[in-house]
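Undergrad: Any chance you could fold what I've pasted below:
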Amino acid sequence: MCTMISSRHPLNGQAEGTAGWFPIGQVYLAYDHPERVQLEHALLLDFANEDHGPGARVAVERSRDAARDLARQILETVEEADRYEGRSSTVSYGRRLSRRLRPLPHRGTRSA
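TA: Below you'll find the predicted structure:
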């Protein structure tokens, strides 16, 4: 069964695809049936630039646990970069995120 969990977010950055670097304008996030990862459902990240056609796209599929780990690692790196740049935050993003990113209870797999 499809989850219907998806969202689109504007994003300003660069990505490297098979034809080289291209600007990305949005990221699509979803939790649904993956194309390649051998899971019933996975977190799907699709970095894209719709103005550059289907070749301007980088897709990533991760398990929920791997996605949580990646989110923590990204925020820890941002915190380290803030310290390097002399910026400090009163609340640790990593600690705040880890409180919000509790593992979901396993409900088994459902058929498509």
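Undergrad: Just want the most central residue of this protein.
TA: Leu45 (4.9 Å; CA atoms, centre = their mean).
Undergrad: Give the pairing partners of the strand or helix carrying that one; include direction for each.
TA: For Leu45, the host element (DSSP states H and E) is strand 42-48. Using DSSP bridges, strand 42-48 pairs in its sheet with strand 20-32 (antiparallel), strand 57-62 (antiparallel).
Undergrad: Please compute how far that strand lies from its chain's middle.
TA: Centroid displacement of strand 42-48 relative to its chain, using CA atoms, centre = their mean, to the nearest Å, is 6 Å.
Undergrad: got the domain boundaries for this structure?
TA: The chain breaks down by automatic domain parsing into domains covering 1-62, 64-100.
Undergrad: So which residues make contact with the helix or strand where Asn12 lies?
TA: According to DSSP H and E, Asn12 maps onto strand 5-17. For strand 5-17, the surrounding residues in contact (CB atoms under 8 Å, 6 or more residues apart in numbering) are 21-32, 47, 55-58. C-betas here are computed from N, CA, C, even on glycine.
Undergrad: Render the CA-only coordinates of that strand in CSV, please.
TA: What follows is strand 5-17, C-alpha atoms only, in CSV (Å, rounded to 0.1, in the frame of the first residue of the first chain):
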residue,chain,number,x,y,z
ILE,A,5,3.8,10.7,2.5
SER,A,6,5.5,13.3,0.3
SER,A,7,6.5,16.9,0.2
ARG,A,8,8.4,19.4,-2.1
HIS,A,9,10.8,22.0,-0.7
PRO,A,10,12.7,24.8,-2.4
LEU,A,11,16.5,24.2,-2.2
ASN,A,12,19.3,26.3,-3.5
GLY,A,13,22.5,24.4,-4.2
GLN,A,14,24.5,22.3,-6.7
ALA,A,15,24.5,18.6,-7.4
GLU,A,16,26.7,16.4,-9.5
GLY,A,17,25.0,14.0,-12.0
